[in-house]
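S.K.: fold the following and give me the result.
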Amino acid sequence: MKLGLQLGYWGAQPPTNVAELLRAAEDSGFDSVFTAESWGSDTYTPLAWWGAATSRLRLGTAVSQLSARPPTSLAMAALTLDHLSGGRHIIGLGVSGPQVVEGWYGQPFAKPLARTREYVRIVRDVLAREGVVTSAGPHYPLPLPDGVGATGLGKPLKPIVHPLRADIPIWLGAEGPKNVAQTAEIADGWLAIFYTPRLCGMYDEWLDEGFARPGALRSRADFEIAATVQCVITDDVAAAIDRYRPSTALYVGGMGAAEKNFHADLYRRMGYGEAVDDIGRLFRAGRRDEALAAVPDEMVRETMLVGTADDVREQITEWEAAGVTTLMVTAKDVETVRQLGALV
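M.R.: As a prediction, the model looks like this:
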């Protein structure tokens, strides 16, 4: 089991204790650090800024949203950071959801599986630098074809910079069965959110479908499963659950539309369908306090590491047995980071 520090995306202001967290993580044997983005802070700027103060941690994006950058632009950022960090970058990608893709980026959300496959292929072609990068599309045509406002002067190109590594690992954020299966087929790792060891058998079925496809990139033996998990080492489990209850309510009720919310779908698969419906209805009606009250304790707890140090050590063993290779912890303080390093 490896440990990653998930810094996430910013709220109204940047976090103030990241330098201390990174020092503690590197000193405590953590393997990696990750940044995220929604519709505020981006992934690459904080990762490069903070990553410059590290010497060993792998630097990952979890996740960079596909619609935020064309695939060639993402590949440029990735090869640049990989050079600057001496080969420590992990590319983490995800499609986000229709509210963000169409509402913030002004792009269509349709066909996320096909878009992801095409995007990953182009990124790998850039990093391979075996020739000019072209794509027949339909989502990311290169060069841009005539008939869509193009001048017709587009030229196939390959990157000026020689990538330090042609095989920078690409991990994909995925929540549903088709997405996870495709991740196992075309990626080097799976970025799992709201993971629960209780459903590892279901996840294994999805993954095995992808591993079995012709041309699959990896096998179970060399595939990473990185699960984001909140960690609180405490004697007061109830207080810790209350601390993260708003986050659960937000993702289930507010991070997606009533018609399409991948996080809500995930919790339904976990058996919380009735609670999901109640939380969503109350959240969308602006009844936030009632939405929080509708979140069952176990719905929060089973996707966390929480309890005494001995409890958390036992839970880590369970997550490892379920197939998780990296715990991407959202520990908020230096002491928790150090305690986790000692436990693992």
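
S.K.: distance of Gly280 relative to Pro159?
M.R.: Counting by C-beta to C-beta, to the nearest Å, the gap from Gly280 to Pro159 is 44 Å. In this view, the C-beta of every residue, glycine as well, is placed from N, C-alpha and C.

S.K.: try Leu207
M.R.: 32 Å.

S.K.: which of the two has more residues huddled nearby?
M.R.: Neighbour tally, Leu207 and Pro159, criterion other C-beta atoms under 10 Å: the higher count belongs to Leu207, 22 against 18.

S.K.: what sits against that one?
M.R.: By C-beta atoms under 8 Å, 6 or more residues apart in numbering, the contact list for Leu207 reads Val180, Ala181, Thr183, Ala184, Trp190, Arg220, Phe223.

S.K.: ok, now with 10 Å
M.R.: Pro177, Val180, Ala181, Thr183, Ala184, Glu185, Trp190, Cys200, Arg220, Phe223, Ile225, Gly323 (C-beta atoms under 10 Å, 6 or more residues apart in numbering).

S.K.: quick one: Glu37 is in a helix?
M.R.: No. Using DSSP: H, G, I helix; E, B strand; the rest coil, the secondary structure at Glu37 is coil, not a helix.

S.K.: what residue, apart from its backbone neighbours, is nearest it spatially?
M.R.: Leaving aside its sequence neighbours, Glu37 sits nearest to Thr43 (C-beta to C-beta, 6 or more residues apart in numbering; 4.7 Å).

S.K.: okay, that neighbour: pLDDT?
M.R.: You'll see Thr43 listed with a pLDDT of 98.

S.K.: next, count neighbours for it.
M.R.: Per other C-beta under 10 Å, the neighbour tally for Thr43 reads 26.

S.K.: wait, it touches Ala36, no?
M.R.: Yes. Taking contacts as C-beta atoms under 10 Å, Thr43 lies within contact range of Ala36: 6.3 Å.

S.K.: what sits in contact with each of these two?
M.R.: Common neighbours of Thr43 and Ala36, using C-beta under 10 Å, 6+ apart, are Leu7, Tyr9, Gly60, Thr61, Ala62, Val63, Ser64, Gln65, Gly92.

S.K.: which residue, neighbours along the chain excluded, lies closest to the first one?
M.R.: In this structure, Leu7 finds its nearest non-sequential neighbour in Thr35, 5.2 Å apart by C-beta to C-beta, 6+ apart.

S.K.: mind listing what that neighbour touches?
M.R.: 5-10, 18, 41-51, 59-64, 92.

S.K.: just the contacts of Leu207: which are in helices?
M.R.: Judged by DSSP state H, the subset of the contacts of Leu207 located in helices is Pro177, Val180, Ala181, Thr183, Ala184, Glu185, Cys200.

S.K.: do you know how far the fourth one is from Arg268?
M.R.: When distances are taken as C-beta to C-beta, Thr183 and Arg268 turn out to be 20 Å apart.

S.K.: so for these two, which sits in the more crowded spot?
M.R.: The neighbour comparison of Thr183 against Arg268 (other C-beta under 10 Å) goes to Thr183, with 27 against 16.
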